[in-house]
Structures are given as C-alpha cells and as structure tokens.
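K.L.:
Generate coordinates for the sequence data below:
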Amino acid sequence: MLLNLERVDFLVAQYVAGSLPPPAHVLVGSHLEMQAPAGRFAHTLQRLAGDSLEAVEPQPLKFRDRTLFDILKSTPPRLDGGPVDRGMWPALLRAYAGKDLSGIPWRTKLPGLREHVIERSSEVEASLLWARPGRALPNHGHHGLELTLVLEGEFHDHRGIFGEGDVSVADETLDHRPIAGDKPCVCFSVLFAPIALSGPMIRLFGDIIGV
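P.N.:
Below you'll find the model as predicted:
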C-alpha cells in the first residue's frame, strides 16, 4: 500500500504541473476534491511552484505562452477535500461525465458488474464501474497504467482496502483480484492499456459469471 501512496503523490505532483492526460487530470483532481490531506499536499506544491516562479526574472511572453499562462492562472477546482454527497460527484468528474450518479446509463458488463464508458480511443479508456456488494473482478494483470478512483463504497485486494476518495495505481508489476466491500462500489477508471486475465481457470470462470 505504501508504494501505491507514493505513486499517488507523484500523480498529484504531475497534476499540479499540468502534465497529466485529460482523463487522468480529471481523476486526480476529483481525488483532491474528496481527500482533504491530498488537497493540502497539492496546495503546498502549488505554493512552492509559485515561489519558484516569483524568483525567476520576468520575460516577455509570446501569444501562445501568454495564453497558457492565463489558463494556469485560472481558478482551479477546490482542493480542500471533504465528503461528497451521494449522487453528487466531484465537480471535475461531473463536468467530464456530463451527469451525476442518478443519470448514468449503466450497461451490464458481467453479472453483478455494470459499466458506463465516458471516453474510448486507441490511447485511453475512461469509464465508470458499479459492482454489487462482494463482487470479485476476475484476477488480472496489466499491460500498462490503470488508475481507479473510488467514488462510493470500497474494494480490497492483496494491497489493502481502498475507500471513498482513494486512488489505486496499477501497472505491469501488479496482478490482483479486486473485491467490492459489503456495499455497492462505484469507481472511476482510467485505463491506458488492456488488462490480461490470469489465475486458475476455475476461479476465473466463477468470477466471470459472478459466483
């Protein structure tokens, strides 16, 4: 779990620097809205970055650079963290998805597992996932990065428990079997490469059919 937390801190630093792809930017920004300690950490990084910029001698800006500067000066989403009303998601995610929980057109992916794809391209897939209580996802590994933000409920794997506002960072080094807690679990997932099913065939079959 410690390694996961370190990776999340690195993602927050990338968020503050403005270097994350749009779906990942939305996910990390939503995490900052939901988790007060993460929001304070981001504020600290922003303040340090601002102090560094003030120490640099001003130079005339080209039009493109000035436009970028104006964007970076714009008001960011709130980073104070705090509880999010049920059915009301973080502002960044609501703007990205275009709706709240009550308006999601879920599609059944597997028994006990629903999905709503927000964005899909050759480079990324961003989606919302709903799992019934106790639902186990099939054991799988990863061919690339997958970020998962818990919006409601919780899930666990061999690394520990991920609750509301937590982010799971998975890559090629992780093989796991996430299991929803005793309440329905809703997550926002950003996947940059396909997953690969793994583990014993009998258990895989059971997880696929939801038993």
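
K.L.:
Break down the chain into its strands, ranges please.
P.N.:
Counting by DSSP state E, the chain has strands at residues 107-110, 113-120, 125-131, 140-142, 146-152, 155-157, 160-162, 167-170, 179-180, 185-191, 195-197.

K.L.:
With Met34 as the reference, name the closest of the ones you listed.
P.N.:
Met34 sits nearest to strand 146-152 of all these, at 8.0 Å, using C-beta to C-beta. All C-beta spots, glycine's among them, are computed from the backbone N, C-alpha and C.

K.L.:
Okay, Val150 and Ile209: tell me how far apart.
P.N.:
According to C-beta to C-beta, to the nearest Å, Val150 stands 25 Å off from Ile209.

K.L.:
out of these two, which sits in the busier spot?
P.N.:
When Val150 and Ile209 are compared for neighbours, Val150 comes out ahead with 22 against 10, by other C-beta atoms under 10 Å.

K.L.:
so what's the more buried one bridging to?
P.N.:
Val150 has these beta-bridge partners by DSSP bridges: Cys187.

K.L.:
Surely it and His156 touch.
P.N.:
No. Contact between Val150 and His156 fails when scored by C-beta atoms under 8 Å: they sit 10.6 Å apart.

K.L.:
got any residues that touch both of these two?
P.N.:
Common contacts of Val150 and His156, defined by C-beta atoms under 8 Å, 6 or more residues apart in numbering, comprise Phe162.
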